[in-house]
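In: Dropping the sequence and predicted coords here.
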Amino acid sequence: MRAIPLTVTTLAAALVLTACNSGGDSGDKGKSSSACKIGGVSVQVGSASLAPAAGDTGEIPVSLTNQSAPCTLEHFPGATLEGGGTTVVLSAQQGAKAQKLKLVKGDSASFTISYVRGAAGGRNSLAAKTLKITLPGGTDSQSFPWKYGPVAGKNKPGDQAFVSAFQQVGD
C-alpha cells in the first residue's frame, strides 16, 4: 500500500513540472511573434505644434496604422534623434504609463513627441536632422526628416525630447 501513494505523488509532481515548463515556453513565443513590426504598419509624422523660440515646447504627433495581421503594441515607442554625429534616444515622458494595445488590420494608434526647442548653436542644443522610429520588440526603424529646430538639453545635447505612451485611435 505504501507504493501506491508514492507513485501517485511522483506522477502528480511530474505533471506539475511538465505543465509549468511548457506554459512558460509557449507564452514567450506567442508574445514576441504578435508584436507589431515597423514593416507591417504605416507610420506618419503629423503636423506639429512647433516651438517657435528657444525654451518653448513643441509637440509632434506620430500615427501608426496596422497594414497586416493582428499585432500588439506593448511598452513605449522607440524614437531617436540624430544630428551632427550625435544620437539621442528619447525617454518616456515622466509619469506616462504604457498600455498594451491590440491592433487588427486597419486599426490605428498614436503617440506624441514633446520637445523643448534649443538655441541654435547652443552648447547643449542638438541640431537634429533625422528622427528614427522603432516599435517595441523590434530593431527595424523608419526615418523621417527633423524640421522642428534644435532640441534643448539639460545634462547633454537633446535630452529634452520625450515620447508619450501609445494611445488607441478611433473606436
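Out: All right, it came through fine.
In: State the number of residues packed around residue 64.
Out: 25 (other CB atoms under 10 Å). C-beta: built from backbone N, CA, C; applies to glycine.
In: so who does it touch?
Out: Applying CB atoms under 8 Å, 6 or more residues apart in numbering to residue 64 gives the contacts 36, 41, 42, 43, 44, 73, 103, 108, 109, 110, 135.
In: go again using 6 Å as the cut-off
Out: Neighbouring residues of residue 64 by CB atoms under 6 Å, 6 or more residues apart in numbering: 41, 43, 109.
In: Could you do residue 71 as well?
Out: Residue 71 sits in contact with 34, 36, 103, where contact means CB under 6 Å, 6+ apart.
In: Burial check on the closest residue to it other than its chain neighbours, number of neighbours?
Out: Nearest residue to residue 71, sequence neighbours excluded (CB to CB, 6 or more residues apart in numbering): residue 36, at 3.8 Å. Residue 36 is flanked by 25 other residues according to other CB under 10 Å.
In: Next, the contact list for residue 36, please.
Out: By CB under 6 Å, 6+ apart, residue 36 lies in contact with 71, 73, 135.
In: Likewise for residue 143?
Out: Contacts of residue 143 (CB under 6 Å, 6+ apart): 130, 132.
In: Need the residue closest to the centroid of this protein.
Out: Centroid-nearest residue in the chain: residue 77, 1.7 Å away (criterion: CA atoms, centre = their mean).
In: Would you mind listing the outside residues contacting stretch 153-169?
Out: 73, 76-77, 79, 81, 86, 88, 90-93, 96, 98, 101, 108-116, 124, 126, 151-152.
In: pLDDT (mean, whole number) over it?
Out: Taken as a whole, stretch 153-169 has an average pLDDT of 92.
In: Ends of it, what's the gap?
Out: 31 Å (CA to CA, to the nearest Å).
In: what comes up buried for that stretch?
Out: 153, 157, 158, 159, 160, 161, 162, 163, 164, 165, 166 (16 or more other CB atoms under 10 Å).
In: Adding distance to residue 144, write these out as JSON lines.
Out: Below are the buried residues of stretch 153-169 laid out as JSON lines (distance: CB to CB, whole Å):
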{"residue": "153", "distance to residue 144": "21"}
{"residue": "157", "distance to residue 144": "20"}
{"residue": "158", "distance to residue 144": "16"}
{"residue": "159", "distance to residue 144": "20"}
{"residue": "160", "distance to residue 144": "19"}
{"residue": "161", "distance to residue 144": "14"}
{"residue": "162", "distance to residue 144": "17"}
{"residue": "163", "distance to residue 144": "14"}
{"residue": "164", "distance to residue 144": "17"}
{"residue": "165", "distance to residue 144": "20"}
{"residue": "166", "distance to residue 144": "18"}
